[in-house]
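J.: missing the sequence, but the structure's below:
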């Protein structure tokens, strides 16, 4: 660019000095421009790396939450399976215990009930004694004992060569009465014992049934997984809330990065503008001060077009 396009007049004695000063101003401008570009590039690269690191950090956090939820669901599933398995075992043990008690006592309940009914008839029926006596005399036990006594009397008569006469028949009748009286009292004792045994058997069965009911109730209560379900729901809700927080924080961080990029660009242009203004000021001072000449506006415009 010639000096005649920059200055409106003046001598040529200072042209070399003016040209050197202009060159220095342009050099400073170029250095400043390059420095500003380098700073902008470094800041933009730092912004880009920060974005990558932020995303990686949030992705790692989300992955950890996913892994934690999988472990949580697996743990709850195992706990539920264990409770249900043990609950089933508890129910089985309760049923087995009842079955064993039932097998032991049930055979005694029916004869015990019959004995109790006979004792009730004997004690509370006005004709109870005769009724029970007739039952006893019809029983196989009495018939067997009576036959044994009758056979003994007949053998005794046969051994003496006597036929069953009045004396033998009287003896036979007496023997039958003795058998009836002696064995009937014993039969009543056994009847009472059987009634008591049946009562005890029924009481034991009732207790066994109560134990079975309690065992089943305990098994059902132990197998109840509602508390586990509620706990898992709360934990999963907490994990999802953390996911939401991560999403919000990621959005805020990325917005901050975007704002940072805008700020970097704005600062760059401001710095470049200031650098250019410094050049214009330096040229204006130099060219305006030489020989009192005014600055050629057209010439400065050409110089500032280099910015």
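T.: Arrived safely. Just so it is clear, the model here is predicted, and its values are computed rather than measured. Numbering: from 1, shown residues only.

J.: make it CA atoms for all contacts and neighbour counts henceforth
T.: OK.

J.: what helix or strand is the residue nearest in space to the middle of the chain on?
T.: Taking C-alpha atoms, centre = their mean, the centroid of the chain lies closest to residue 76, which sits 3.2 Å from it. Using DSSP states H and E, residue 76 maps to helix 15-124.

J.: so what does that helix touch, helix or strand wise?
T.: helix 128-137, helix 166-223, helix 226-289 (3 or more C-alpha pairs under 8 Å, 6 or more residues apart in numbering; DSSP states H and E).

J.: now distance to residue 30, mean pLDDT and mean neighbour count too, for the ones you listed, in CSV please.
T.: As requested, the helices and strands packed on helix 15-124 are exported to CSV (distance: least, C-alpha to C-alpha, whole Å; pLDDT from 0 to 100; neighbours: other C-alpha atoms under 10 Å):
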stretch, distance to residue 30, mean pLDDT, mean neighbour count
helix 128-137, 136, 82, 15
helix 166-223, 82, 81, 16
helix 226-289, 9, 85, 15
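
J.: if we can go back for a sec, measure the residue nearest to the centre of the chain to residue 82 for me?
T.: Relative to residue 82, residue 76 is positioned 10 Å away (C-alpha to C-alpha, to the nearest Å).

J.: over to residue 37?
T.: As judged by C-alpha to C-alpha, residue 37 and residue 82 stand 67 Å apart.

J.: now swap in residue 266 and tell me
T.: Distance from residue 266 to residue 82, by C-alpha to C-alpha: 64 Å.

J.: got it, and residue 21?
T.: 91 Å.

J.: and those two? Which one has more around it.
T.: Legend: neighbour count by other C-alpha atoms under 10 Å for residue 21 and residue 82, higher for residue 21 (16 against 13).

J.: which non-adjacent residue is nearest the more buried one?
T.: Nearest non-adjacent residue to residue 21, counting by C-alpha to C-alpha, 6 or more residues apart in numbering: residue 286, 7.5 Å away.

J.: check the contact between that neighbour and residue 18; I expect there is one.
T.: Yes. Using C-alpha atoms under 8 Å, residue 286 makes contact with residue 18 at a distance of 7.3 Å.

J.: show me where pLDDT drops low in the stretch 51-200 of the chain?
T.: Scanning the stretch 51-200 of the chain for pLDDT under 70 picks out the ranges 153-154, 156-181.

J.: can we see that at 90?
T.: Filtered on pLDDT under 90, the stretch 51-200 of the chain yields the residue ranges 51, 54, 104-192.

J.: what residues sit buried inside stretch 102-110?
T.: 102, 105, 106, 108, 109 (16 or more other C-alpha atoms under 10 Å).

J.: how far out from the middle of the chain is it?
T.: Stretch 102-110 sits 45 Å away from the centroid of its parent chain (C-alpha atoms, centre = their mean, to the nearest Å).

J.: same question for stretch 186-195.
T.: What separates the centre of stretch 186-195 from the centre of its chain is 61 Å, taken as C-alpha atoms, centre = their mean.

J.: who's in contact with the residue nearest to residue 21?
T.: Residues near residue 286 by C-alpha atoms under 8 Å, 6 or more residues apart in numbering: 18, 21, 22.

J.: Serialize the residues you listed to TSV and add fields for pLDDT.
T.: Listed next are the contacts of residue 286 as TSV, based on pLDDT from 0 to 100:
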residue	pLDDT
18	70
21	74
22	75
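
J.: need the residues you listed in JSON lines (columns: distance to residue 155).
T.: Supplementary listing: these in JSON lines, determined by distance: C-alpha to C-alpha, whole Å:
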{"residue": "18", "distance to residue 155": "173"}
{"residue": "21", "distance to residue 155": "168"}
{"residue": "22", "distance to residue 155": "167"}
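
J.: which one of these is nearest to residue 236?
T.: Of all these, residue 236 sits closest to residue 22, with 71.4 Å by C-alpha to C-alpha.

J.: the residue nearest to the centre of the chain contacts residue 230, doesn't it?
T.: No. Assessed by C-alpha under 8 Å, residue 76 is found out of contact with residue 230, at 10.6 Å.

J.: okay, and the common contacts of the two?
T.: Counting by C-alpha under 8 Å, 6+ apart, residue 76 and residue 230 have no contacts in common.

J.: relative to residue 37, how far out is residue 23?
T.: Note on residue 23: its distance to residue 37, by C-alpha to C-alpha, is 21 Å.

J.: quick one, the helix or strand residue 147 falls within and helix 128-137 angle?
T.: Per DSSP H and E: residue 147 is located in helix 140-159. If you take axes from the mean of the first three to the mean of the last three C-alpha atoms, to 10 degrees, helix 140-159 sits at 70 degrees to helix 128-137.

J.: now do helix 140-159: which elements does it pack against?
T.: When contacts are defined as 3+ C-alpha pairs under 8 Å, 6+ apart, helix 140-159 sits against helix 166-223.

J.: packing partners of the helix it packs on?
T.: Applying 3+ C-alpha pairs under 8 Å, 6+ apart, we find helix 166-223 packed against helix 15-124, helix 128-137, helix 140-159.
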